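Asker: need coordinates for the below:
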Amino acid sequence: MPIKVVLAEHEALTREAITELLQQSGDIEVVAHTGWGDRVLELVDDHQAGLAVLATHTPGVNVIEVAEQLNRERPGFPVVILTCDARPGHLQRALKAGVHGILTKETSIRELSRVIREVHAGGWHFPPELVAEMLAVGENPLTAREAEILKAAEDGRPLSAIASQLHLSPGTVRNHIHSAIRKLKAGNRISAVHAASRAGWI
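Answerer: Numbers count the residues shown, from 1 in each chain. Predicted coordinates for the structure are as follows:
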């Protein structure tokens, strides 16, 4: 019986190419594909899929949030993430979300097929160099709120605009930014944003 896969990828051409190439494997069937992350759980349920392949930057929902939702609704459900930019913080968040495998988009269809089989059989697949980086960087020191505020500060907007966007007081935003700067040993807000982004924590 083939492995039933749901694929989420925002670019139609890439999505259709991956689907067609995976179908040629003989033991993998893409039962549904979508350009929107928020449809994944629905498609998994509708088609009784056994695995999901999620590409980062798919509109609708952050793929880590999709993986978390799948793990809540179907504990242990195998998820493989395709990413253009794997960072240590991404791996930390993916592991906590129950993701079973990460591959870069530079991988071949043969390798993706192999990892799908491996993960579906109960295995795990993470790039060794990414695991080494994660261990070297250590745990994410930021709280969820601090990370959210630094993410909102990426474009350099003023504190008042960040506070308005997140429905917080300017003083609360300022306190969280100062805390993040201290934890990241950064000189200022911009340096803290860059440090958190490099690590993949935002």
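
Asker: could you say what helices and strands the longest helix along the chain packs with?
Answerer: As assigned by DSSP state H, the longest helix anywhere in the chain is helix 170-183. If you count contacts as 3 or more CB pairs under 8 Å, 6 or more residues apart in numbering; DSSP states H and E, helix 170-183 packs onto helix 144-152, helix 159-166, helix 189-199. (Glycine included, C-beta is placed from N, CA and C.)

Asker: identify whichever of these lies nearest to Leu13.
Answerer: Proximity to Leu13 (CB to CB) singles out helix 189-199 among the helices and strands packed on helix 170-183, at 28.5 Å.

Asker: output the closest one as PDB, nothing but the C-alphas.
Answerer: Output in PDB follows, covering the C-alpha atoms of helix 189-199 (Å, rounded to 0.1, in the frame of the first residue of the first chain):
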ATOM      1  CA  ARG A 189      17.400  46.500  19.600                       C
ATOM      2  CA  ILE A 190      18.700  46.100  16.000                       C
ATOM      3  CA  SER A 191      21.600  43.900  17.200                       C
ATOM      4  CA  ALA A 192      19.100  41.800  19.200                       C
ATOM      5  CA  VAL A 193      16.800  41.400  16.200                       C
ATOM      6  CA  HIS A 194      19.800  40.300  14.000                       C
ATOM      7  CA  ALA A 195      21.100  37.800  16.600                       C
ATOM      8  CA  ALA A 196      17.700  36.200  17.100                       C
ATOM      9  CA  SER A 197      17.100  36.000  13.300                       C
ATOM     10  CA  ARG A 198      20.500  34.400  12.700                       C
ATOM     11  CA  ALA A 199      19.800  31.800  15.200                       C
END
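
Asker: buried ones in that helix?
Answerer: For helix 189-199, the neighbour count (16 or more other CB atoms under 10 Å) marks Arg189, Ala192, Val193, Ala195, Ala196, Ala199 as buried.
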